[in-house]
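1. Here is a sequence with its predicted model. Questions after.
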Amino acid sequence: MKTEILRASGNDLSGICLRVKEIWESGGLVAFPTETVYGLGADGLDSTASRRIYAAKNRPSDNPLILHIGDQKDLEPLVQRVTENAEKLMDAFWPGPLTMILPKSSAVPDETSGGLPTVAVRMPSHPVANALLKSVSVPIAAPSANLSGRPSPTKAAHVIEDMNGRIDAIVDGGDVGIGIESTIVDLSQEVPVLLRPGFITMDMLAGVLGEVQVDPAITREAIIGHRTITGAPKAPGMKYRHYAPKAPLTIVTGDPARVAERISSLADDRTAVLAPEEHAAMYTGGQVLTLGRLSEPESIAKALFDVLRKCDAIGARRIYAEDLTSADPGGAVMNRLLKAAGGSFVNVNEL
Ligand code: AMP
Ligand code: MG
């Protein structure tokens, strides 16, 4: 299959919207930018189109898709009831990087919801995503536009790397703004549960909802101690090895100067070192790939997946990353980094 590249530059998106609508209406697959990461979209009410998404990504079929909508009123037909908590969250955070889980209506096929009785829905704020979603009359199922297991795409070039020849079109809208996937909150139980951390933090959710619980399977302790903790995560996607570069990755915590000294002593030129800009000069060995600035936590989230992909591009055989907890108040970046490391997290004294 030849993949069309559609460049969304300037304000006039009408030509692109027409072409994408045509593809989506005929059951095809189009990747497009959102404010979190690039999504791989298809008609979310068409079970055949949903199956094509799983095939293009090599995604396990029990890992449900998020439905993307262009307007708050598009939520109602997809769920059994728009609850009071859903109303509150929509008012506070939509359009934006928040996904809500609610009991699904019969309009949503099992292929889209991974066989679950619930459905995940989000209204993105990215102007290109919003224009595309408004141009069609159906919700668009769109997981991240990467091959399953690889880091999520934050640039059109990442999507081309993984999806060229596998999908109908890619809308190039430049680099995304946030760089990590949406926060997921489950509203299908009595007390809302955070299933995936993201830009919208636990504190922001609690400010609107009052009590919010955290799925115990997504905590740092659970990811680090993955062999001993039982119980699958409630968001099926969180159980898979994720975001992972090819080489083994270890996160090292401790005094930054000591961390830099120890990693430098172990590193050779096939070792990638992931460090914030403020610490880069302390390394005397390995290939340092800078990962944003500690003084600007958003820059770290934005750089993360690109840097994980670069580890493969430079042919790294070993990767060390600094512990970035101090610049990650909501825990979203460390959640991804810990998963990419397969839970490998050590104190510098044990390295
Ligand atoms: P992605 O779009 O690639 O970021 O993946 C979507 C994430 O949403 C995965 O982790 C899914 O497991 C999760 N998800 C989607 N639908 C549901 C649902 N009904 N219940 C729980 N998690 C869901
Ligand atoms: Mg994904």
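-> Happy to help now that I have it. Ligands and ions are numbered 1, 2, ... in the order given.
2. Doesn't Ile251 belong to a strand?
-> Yes - counting by DSSP: H, G, I helix; E, B strand; the rest coil, Ile251 is found in a strand.
3. gap between it and Pro276?
-> Distance from Ile251 to Pro276, counting by CB to CB, to the nearest Å: 13 Å. For glycine as for every other residue, the C-beta is placed from the backbone atoms N, C-alpha and C.
4. Within the sheet, what are the partner strands of the helix or strand where Leu195 lies, with directions?
-> Taking DSSP states H and E as the definition, one finds Leu195 inside strand 193-196. With DSSP bridges as the test, strand 193-196 is paired with strand 183-186 (antiparallel), strand 213-214 (parallel).
5. ok so, going back, between Ile251 and Pro276, what contacts are shared?
-> Residues touching both Ile251 and Pro276 (CB atoms under 8 Å, 6 or more residues apart in numbering) are Glu322.
6. Do I have it right that Leu351 meets Val252?
-> Yes - with contact defined as CB atoms under 8 Å, Leu351 reaches Val252; the gap is 5.8 Å.
7. any residues in contact with both of those two?
-> Joint contacts of Leu351 and Val252 (CB under 8 Å, 6+ apart) are Arg262, Ile263.
8. More neighbours: those two, which one.
-> Val252 (25 against 16; other CB atoms under 10 Å).
9. looking at this protein, which helix or strand is least sure?
-> Using mean pLDDT, DSSP states H and E, helix 220-224 stands out as the lowest-scoring helix or strand of the chain, at a mean of 85.
10. Which SSE is immediately downstream of the helix or strand hosting Leu274?
-> In this structure, Leu274 is located in strand 271-275 according to DSSP H and E. Following strand 271-275 in sequence order, the next helix or strand is strand 287-290 (DSSP H and E).
11. partners of that next one, with directions?
-> When DSSP bridges is applied, strand 287-290 pairs with strand 271-275 (parallel).
12. what's the angle between the partner strand and strand 249-253?
-> Strand 271-275 runs at 40 degrees relative to strand 249-253, counting by axes from the mean of the first three to the mean of the last three CA atoms, to 10 degrees.
13. Can I get strand 271-275 as CSV, trimmed to CA atoms?
-> Taking C-alpha atoms only, strand 271-275 is exported to CSV below (Å, rounded to 0.1, in the frame of the first residue of the first chain):
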residue,chain,number,x,y,z
THR,A,271,26.1,3.2,25.5
ALA,A,272,23.3,5.8,25.4
VAL,A,273,22.9,8.1,28.4
LEU,A,274,19.6,9.9,28.9
ALA,A,275,20.1,13.0,31.0
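14. Residues contacting that strand, please?
-> The contact list for strand 271-275, computed with CB under 8 Å, 6+ apart, reads 247, 260, 263, 267, 282-283, 285-291, 307, 310-311, 314, 316-322.
15. chain center to it, what's the gap?
-> Chain-centre distance of strand 271-275: 22 Å, with CA atoms, centre = their mean, to the nearest Å.
16. pLDDT of it, averaged?
-> Per-region confidence: strand 271-275 scores 98 on mean pLDDT.
17. Export the strands paired with strand 193-196 to a markdown table and append columns for mean neighbour count and distance to ligand 1.
-> As requested, these are exported to a markdown table (neighbours: other CB atoms under 10 Å; distance: least, CB to the nearest ligand atom, whole Å):
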| stretch | mean neighbour count | distance to ligand 1 |
| --- | --- | --- |
| strand 183-186 | 25 | 5 |
| strand 213-214 | 13 | 14 |
